[in-house]
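Peer 1: coordinates only, sequence not included:
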């Protein structure tokens with residue numbers, strides 16, 4: 001009779017699946033999306049939001065071109081703040097302009 005493996009928590013299984021598909025686990029994603037306002041401050045958060053984290057590349061969406069330009073200038077600071085506040089390492093930030101919220 002074959003032995004049955006020990007149960008694995010679903011969170012661990014999801015982490016493994018997400019990491020294999022995207023190289024990013026749910027803790028990193030939760031850190032970026034859950035702590036965004038703390039990392040960037042209320043002024044930037046009112047105009048820029050994270051939309052995707054994939055293998056160290058964070059894609060954000062700004063509500064107007066001026067904010068997209070501002071984020072490009074602040075990218076190094078935002079990356080440092082996300083590491084400090086959320087414990088997430090980002091290699092680069094891609095910025096796009098989206099509709100106003």
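Peer 2: Received it, and whenever you're ready, just let me know what you need. The model shown is predicted, which means the values in this text are computed figures rather than measured ones.
Peer 1: Counting by contacts, list what whichever helix in the chain runs longest packs against.
Peer 2: Ordering each helix of the chain by length in residues (DSSP state H) puts helix 65-86 first. Using 3 or more Cβ pairs under 8 Å, 6 or more residues apart in numbering; DSSP states H and E, the elements in contact with helix 65-86 are helix 26-34, helix 36-40, helix 42-45, strand 57-62, strand 92-97. Where C-beta positions appear, they are placed from N, C-alpha and C, glycine not excepted.
Peer 1: contacting residues around that helix?
Peer 2: Contacts to helix 65-86, defined as Cβ atoms under 8 Å, 6 or more residues apart in numbering, come from residues 31-32, 34-35, 38-40, 44, 47-48, 58, 60, 62, 88-90, 92-93, 95-97.
Peer 1: just to revisit the earlier point, could I get the helices and strands packed on helix 65-86 as CSV with mean neighbour count, distance to residue 78 and mean pLDDT?
Peer 2: Shown next, in CSV, are those (neighbours: other Cβ atoms under 10 Å; distance: least, Cβ to Cβ, whole Å; pLDDT from 0 to 100):
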stretch, mean neighbour count, distance to residue 78, mean pLDDT
helix 26-34, 17, 10, 71
helix 36-40, 19, 6, 93
helix 42-45, 13, 8, 95
strand 57-62, 20, 8, 95
strand 92-97, 15, 6, 96
